[in-house]
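S.K.: Have a look at this prediction, sequence included:
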Amino acid sequence: MTARTPGTKRAEPSGRRARTRAALLTSAAELFAERGYDAASLDDIAARAGFTRGALYASFADKEDLLLSLLAETTEAWLTELADAFAGLGTDVDRGALDDSAAMWDSFVEAHSQRLLLLAECRVQAARRPSVAARVAELDALLTAALAEVVRGQEQAGLLTLRLPPERHAALMIATAQGLVLAHLVDGRRGGETLADALRLATSAHSPGGRKGAE
């Protein structure tokens, strides 16, 4: 019998076990965000979800497995949301669309404050735990590759002119977003205009007819 790597996607459970696992993940996400990873106990996570510690161990090896499972599911959700968002743009990528990114980002951080706090907590733990750091790096690479593929396609379609290679552009945008997340968690700044400025500096947008947008 081979051991499962913590934080990797399990074979899809069914029925009662699936509901138990989902409830435990929700409880862990709330407590990690509220108290921090170190202060959130497995007993409290299980109790908030309405289960015993034994039920928790039936689904997760330990607290780190819970954290990594949450990180994997959050990253997977963001990859789906990223693909959906860019699929909806079609050929209508112009300077106005870049300007609209400010409002989109501000709405995003307001709607996902707990998720963002959880991701910040994951990065704190990554600085202390090599196993968490390895998983964070792996998922960061997936997210960067997905974003790079999107902007590469837009450039090939004549919708954008990138001032950096797609991979470096994606890494820059993700690093900018991560910094804005930390600022938002500290003092409530949403940072949409800053993100829009970064996009303007890193790209030249084109209208659907092929005309370059105003610089």
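M.R.: Thanks, I have the structure now.
S.K.: how distant is the longest helix seen in the chain from the center of its chain?
M.R.: In terms of residue count, the longest helix belonging to the chain (DSSP state H) is helix 130-156. Centre-to-centre, helix 130-156 and its host chain are 10 Å apart (CA atoms, centre = their mean, to the nearest Å).
S.K.: What average pLDDT does that helix get?
M.R.: The average pLDDT within helix 130-156 is 89.
S.K.: Just the buried residues of that helix, please?
M.R.: Under the neighbour-count criterion of 16 or more other CB atoms under 10 Å, helix 130-156 has 132, 135-136, 139-140, 143-144, 146-152, 154-155 buried. Where C-beta positions appear, they are placed from N, C-alpha and C, glycine not excepted.
S.K.: Next one: residue 176, what pLDDT does it get?
M.R.: We have a pLDDT of 84 for residue 176.
S.K.: residues near it, how many?
M.R.: Counted with other CB atoms under 10 Å, residues neighbouring residue 176 total 18.
S.K.: Isn't residue 82 up against residue 147?
M.R.: Yes: Residue 82 lies in contact with residue 147 (CB atoms under 8 Å); the separation is 6.5 Å.
S.K.: can you give me the helices for this structure?
M.R.: Taking DSSP H as the test, the helices found in the chain are 15-35, 42-49, 53-59, 63-87, 95-111, 113-126, 130-156, 166-187, 192-202.
S.K.: Give me the contact list for the fourth one.
M.R.: Which is helix 63-87. Under the criterion CB atoms under 8 Å, 6 or more residues apart in numbering, residues 6-9, 24-25, 28-29, 32, 37, 40, 42, 45, 56, 60, 115, 118-119, 121-122, 125, 129, 131-132, 135-136, 139, 142-143, 146-147, 150, 154 lie in contact with helix 63-87.
S.K.: 6 Å instead?
M.R.: Under the contact criterion CB atoms under 6 Å, 6 or more residues apart in numbering, helix 63-87 has outside partners 6-7, 25, 28-29, 42, 60, 115, 122, 135, 139, 146, 150.
S.K.: any idea how far that helix is from the chain center?
M.R.: 6 Å.
S.K.: Which residues belonging to it are considered buried?
M.R.: 63-72, 74-75, 78-79, 86.
S.K.: of these, closest to residue 50?
M.R.: Residue 50 has its nearest neighbour among these in residue 66, at 16.0 Å by CB to CB.
S.K.: quick revisit: would you mind giving the contacts of helix 63-87 as JSON lines with distance to residue 192 added?
M.R.: As requested, these are exported to JSON lines (distance: CB to CB, whole Å):
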{"residue": "6", "distance to residue 192": "35"}
{"residue": "7", "distance to residue 192": "31"}
{"residue": "25", "distance to residue 192": "29"}
{"residue": "28", "distance to residue 192": "30"}
{"residue": "29", "distance to residue 192": "25"}
{"residue": "42", "distance to residue 192": "38"}
{"residue": "60", "distance to residue 192": "36"}
{"residue": "115", "distance to residue 192": "17"}
{"residue": "122", "distance to residue 192": "23"}
{"residue": "135", "distance to residue 192": "29"}
{"residue": "139", "distance to residue 192": "24"}
{"residue": "146", "distance to residue 192": "22"}
{"residue": "150", "distance to residue 192": "20"}
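S.K.: which pair in those residues spans the largest distance?
M.R.: 42 and 150 (38.6 Å).
S.K.: distance of residue 163 from residue 172?
M.R.: Going from residue 163 to residue 172 by CB to CB, to the nearest Å gives 10 Å.
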